[in-house]
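K.L.:
I'll drop the sequence and a predicted model, then ask my questions.
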Amino acid sequence: MESKRIIHEGGGVTLTGEGGIGFFRLVTILQGMKFEMRTGMKLSRGPSCFTHARRTCGIKGNKAKLIAQMEVIVSEARNALPTEVRG
């Protein structure tokens, strides 16, 4: 299956294929990192989102630098995913 991002006129987004699922995972990790930084709470009992980011993307640094690096990675992944607009 081809990976792509489909933007629907009503405001919904559909992600397809392995690339789309991988992109969603990166976005989820980034949002979890922001949540953990803002609240000081962990998103789950397991490893923190910062640990997931380090393991998944091989990035290093303090929490602020990790978020900045992850935002670049997510932006690049978004741009690499073919986008289709359906109306």
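P.N.:
Right, received. Where do you want to start?

K.L.:
what segments of this structure are helices?
P.N.:
Listed in chain order, the helices of the chain (DSSP state H) span 17-39, 49-57, 63-80.

K.L.:
out of the ones you listed, which is closest to Lys4?
P.N.:
Across the helices of the chain, Lys4 has its closest neighbour in helix 17-39 (6.5 Å, C-beta to C-beta). All C-beta spots, glycine's among them, are computed from the backbone N, C-alpha and C.

K.L.:
show me which residues of the closest one are buried.
P.N.:
Burial within helix 17-39, assessed by neighbour count using 16 or more other C-beta atoms under 10 Å, is assigned to Gly19, Gly20, Phe23, Leu26, Ile29, Leu30, Gly32, Met33, Glu36.

K.L.:
now pLDDT and distance to Lys63 too, for those residues, in JSON lines please.
P.N.:
As requested, these are exported to JSON lines (pLDDT from 0 to 100; distance: C-beta to C-beta, whole Å):
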{"residue": "Gly19", "pLDDT": "93", "distance to Lys63": "27"}
{"residue": "Gly20", "pLDDT": "93", "distance to Lys63": "28"}
{"residue": "Phe23", "pLDDT": "95", "distance to Lys63": "22"}
{"residue": "Leu26", "pLDDT": "96", "distance to Lys63": "17"}
{"residue": "Ile29", "pLDDT": "96", "distance to Lys63": "13"}
{"residue": "Leu30", "pLDDT": "97", "distance to Lys63": "12"}
{"residue": "Gly32", "pLDDT": "96", "distance to Lys63": "12"}
{"residue": "Met33", "pLDDT": "97", "distance to Lys63": "7"}
{"residue": "Glu36", "pLDDT": "96", "distance to Lys63": "8"}
